[in-house]
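Q: All I have is the shape, not the residue letters:
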Ligand SMILES: Nc1cc(-c2ccc3ccn(Cc4ccccc4)c3c2)n[nH]1
C-alpha cells in the first residue's frame, strides 16, 4: 500500500519511522510519504490560509496549494481521506475497508479547515471520504490521520507479526469489547490472576473471557449491544 500525507506540519509524522509501521516501511510493505503543503505554494511567504468569505473567526486554508498538491499526488485508484469534524465516524469496518485499498492520500487541514471547493473538485474526479475520529474537536487533521494510518496499516498482512492477535480484538470478531489480560507474576501487590486462567482448562477460559467481554460491553459500551 502507498500512503501519501499532505500537511503543514510534516515533522508531526516522524513517529511513523518507529515501531511496527517503521518496520513495515523498511520491509517495503508500506510505502509511506509525508509532504509539506507549502511545497505547492507560489508566493514568497508560502501562504496557505486566508480570511473566510462571509466573515467569522479564524482562517481557512486556500484551495490553490491543495489543488496543486493533490493533482500531483492522487492516482486514479486513490482514496482521498480528509479528516474533518464533519466527517463520517471512523470505525473498525472502515479501517478494514481501507486496508484493502492500494493508495490512500491524506489531506490534513488546519485553521478552520480547507476551502470546500477542494473536496468538491476532487469528489467529482475520484473517491473522497471526510472522516471524523469522534465527537470531540482537534486542532487539525494530523492526529486523526495518524490514528487512521495505524488502524489501517496493522490490518495489512505482514505488518503485525502474529495475525491471530488481530482476531480477538475489541470491535472485531463478535463486536464485544476485549476481555482483560494478565501476565506473570501470578500475584502482584496482593492481587491474584483469576484462577481459571491458570487452570489449563481452555473451555472454561474461553467461557470466562466471553463473560468478561460481555460484562465490559454492558458496562462501558451498551450501544454496541443495540441498547
Ligand atoms: N474528529 C475530529 C476531527 C477534527 C479535525 C480534523 C481536521 C481539522 C482541520 C482543522 N481542524 C480544526 C477545526 C475545529 C473545529 C471546526 C473546524 C476545524 C480540524 C479538526 N476534529 N475532531
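A: Structure's in. What do you need? Note that this is a predicted model, so its numbers are computed, not measured.

Q: alpha carbons only for contacts and neighbour counts from here, please
A: Will do.

Q: Return the distance of the closest residue to residue 84 other than its chain neighbours relative to residue 144.
A: Nearest non-adjacent residue to residue 84, counting by Cα to Cα, 6 or more residues apart in numbering: residue 132, 5.2 Å away. Using Cα to Cα, to the nearest Å, residue 132 is found at 7 Å from residue 144.

Q: Equivalent analysis for residue 19, please.
A: 18 Å.

Q: and what of residue 122?
A: Distance from residue 122 to residue 144, by Cα to Cα: 20 Å.

Q: And the next helix or strand past the lowest-mean-pLDDT helix or strand in the chain?
A: The weakest-scoring helix or strand in the chain, judged by mean pLDDT, DSSP states H and E, is helix 164-167 (a mean of 62). On the C-terminal side of helix 164-167, the nearest following helix or strand under DSSP states H and E is strand 187-188.

Q: Which helix or strand lies directly C-terminal to that following strand?
A: Following strand 187-188 in sequence, per DSSP H and E, is strand 191-192.

Q: Name the residues that touch that next one?
A: residue 186 (Cα atoms under 8 Å, 6 or more residues apart in numbering).

Q: partners of it in the sheet?
A: strand 187-188 (antiparallel) (DSSP bridges).

Q: Can you give the contact residues for the strand it pairs with?
A: Outside strand 187-188, the residues touching it (Cα under 8 Å, 6+ apart) are residue 193.

Q: Now do the same for that strand: mean pLDDT, whole number.
A: Mean pLDDT, computed over strand 187-188, is 98.

Q: Flag every residue of this structure that's near the ligand.
A: 83-85, 109-113, 132-141 (Cα under 6 Å from any ligand atom).

Q: ok, of those residues, which come out buried?
A: Among those, the ones that count as buried by 16 or more other Cα atoms under 10 Å are 83-85, 109-113, 132-134, 140-141.

Q: Next step: those residues restricted to strands.
A: 83, 84, 85, 132 (DSSP state E).

Q: So residue 122 and residue 144 - more neighbours on which side?
A: Set side by side, residue 122 and residue 144 show more neighbours around residue 144, with 22 against 16, by other Cα atoms under 10 Å.
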